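*Asks:* The sequence isn't on hand, but the structure is:
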């Protein structure tokens, strides 16, 4: 089922891996890539549950757009262990204009496929999704 605006389909694995992250917590993060030739959003990388936020940031390409899901664990002021699922639209200033347009036009439909996202971030450089930004969005 392709998106009318961008023509991008969503590979079944995208939803499957997201459900694993959400329900079973088998992944810390998922990085998704649009394969332009296939006109499809695919899973590019899965992060082990033991990886850190720095590991996640290090797995994002510096000059290419991606969608990403990050499962952020934190402790509340009441000392409760919680987590929030972040959707991050990574669109660095240095990426190709065509790529930025494709990712921007496909984002909403792709996000709708992933039921359970709690926080959304749009980032064009690493400072816009630094750990301080993430922490600021959970409280």
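*Replies:* The structure has been received and is ready for your questions. Only a predicted model underlies this, so the values are computations on that prediction, with no experimental measurement involved.

*Asks:* from here on, contacts and neighbour counts on C-alpha atoms
*Replies:* Fine.

*Asks:* Now the nearest residue to residue 129 once chain neighbours are set aside: phi and psi?
*Replies:* The shortest distance from residue 129 to any non-neighbouring residue, by Cα to Cα, 6 or more residues apart in numbering, is to residue 123 (6.1 Å). Dihedral pair for residue 123: phi -130, psi 140, per degrees, to the nearest 10.

*Asks:* Got the confidence number for residue 123?
*Replies:* In this model, residue 123 is scored at 97, pLDDT.

*Asks:* Confirm for me that it is in contact with residue 90.
*Replies:* Yes - counting by Cα atoms under 8 Å, residue 123 touches residue 90, with 5.1 Å between them.

*Asks:* Can you list the residue ranges for strands in the chain?
*Replies:* For the chain, the strands defined by DSSP state E cover 9-10, 29-35, 40-47, 66-75, 81-90, 119-123.

*Asks:* Dump those into a markdown table; add distance to residue 103 and mean neighbour count as well.
*Replies:* Shown next, in a markdown table, are those (distance: least, Cα to Cα, whole Å; neighbours: other Cα atoms under 10 Å):
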| stretch | distance to residue 103 | mean neighbour count |
| --- | --- | --- |
| strand 9-10 | 12 | 20 |
| strand 29-35 | 8 | 21 |
| strand 40-47 | 10 | 19 |
| strand 66-75 | 7 | 19 |
| strand 81-90 | 8 | 19 |
| strand 119-123 | 11 | 15 |
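
*Asks:* Including distance to residue 138, could those strands go into TSV?
*Replies:* Shown next, in TSV, are these (distance: least, Cα to Cα, whole Å):
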stretch	distance to residue 138
strand 9-10	28
strand 29-35	17
strand 40-47	21
strand 66-75	8
strand 81-90	7
strand 119-123	8
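
*Asks:* Tell me, please, where in the chain the pLDDT is lower than the cut-off.
*Replies:* Regions of the chain meeting the criterion pLDDT under 70 cover residues 1-7.

*Asks:* Please repeat the previous calculation with a cut-off of 90.
*Replies:* Applying pLDDT under 90 to the chain picks out residues 1-8, 76-77, 138-139.
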